[in-house]
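Chemist: Got a predicted structure plus its sequence, pasted below:
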Amino acid sequence: MADCFELVALALPAGCAPESLPPAVAAFFAACWPGMSRAQLLDRARRLALRVSLRARPEPRPEGVRLYALVLMTGAVKAEMVAHVRRFARRRGGGRAKASLPPARDTRQRGLF
């Protein structure tokens, strides 16, 4: 049975300042939300012309959350993030799962970067 992935959180590695991220990677970081699927995550990256590599990291996390190294490449610049992902088994017999929608954003709220 295939597994589904759900994004719990994105984080920068220790020692990486948000100001050091390329503009396309900062835009990708701002476009992600908790609950988005792996396909949505990869689609967002492709829309911003980023090449993506998602690989499992060895350290396990509690409550079914795993850490993945999310490497984004734009041109010659490479940025690495840590994706906290929940993995769960897809139900049998059902159709496609509903896509996660981005949360409503308050127009008064500024971006992180």
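Modeler: Here it is on my side, so go on.
Chemist: and residue 39, how many neighbours does it have?
Modeler: As a burial measure, residue 39 scores 11 neighbours (other CB atoms under 10 Å). Glycine gets a C-beta too; all of them are placed from N, C-alpha and C.
Chemist: And what about it, helix, strand or coil?
Modeler: Secondary structure state of residue 39, per DSSP: H, G, I helix; E, B strand; the rest coil, is helix.
Chemist: Please name every helix or strand in contact with the longest strand that the chain contains.
Modeler: In the chain, taking DSSP state E as the definition, the longest strand is strand 77-89. Here strand 77-89 touches strand 3-11, strand 65-74, going by 3 or more CB pairs under 8 Å, 6 or more residues apart in numbering; DSSP states H and E.
Chemist: for the helix or strand just after the first one, packing partners?
Modeler: By that I understand strand 3-11. Using DSSP states H and E, the helix or strand that follows strand 3-11 in sequence is helix 23-31. Other helices and strands packing on helix 23-31, by 3+ CB pairs under 8 Å, 6+ apart, are helix 38-47, strand 65-74.
Chemist: who touches the last one?
Modeler: Read it as strand 65-74. The list of residues contacting strand 65-74 from outside it, by CB atoms under 8 Å, 6 or more residues apart in numbering, reads 8, 10, 22, 24-25, 28, 41, 45, 48-57, 59-61, 78-87.
Chemist: In CSV, list the C-alpha atoms belonging to that strand.
Modeler: Extracted in CSV, the C-alpha atoms of strand 65-74 (Å, rounded to 0.1, in the frame of the first residue of the first chain):
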residue,chain,number,x,y,z
VAL,A,65,6.6,12.4,12.7
ARG,A,66,9.8,11.9,10.7
LEU,A,67,12.5,14.3,9.7
TYR,A,68,13.3,14.8,6.0
ALA,A,69,16.1,16.8,4.4
LEU,A,70,14.5,19.0,1.8
VAL,A,71,17.2,20.3,-0.5
LEU,A,72,16.2,23.1,-2.9
MET,A,73,18.4,24.2,-5.7
THR,A,74,18.1,27.3,-7.9
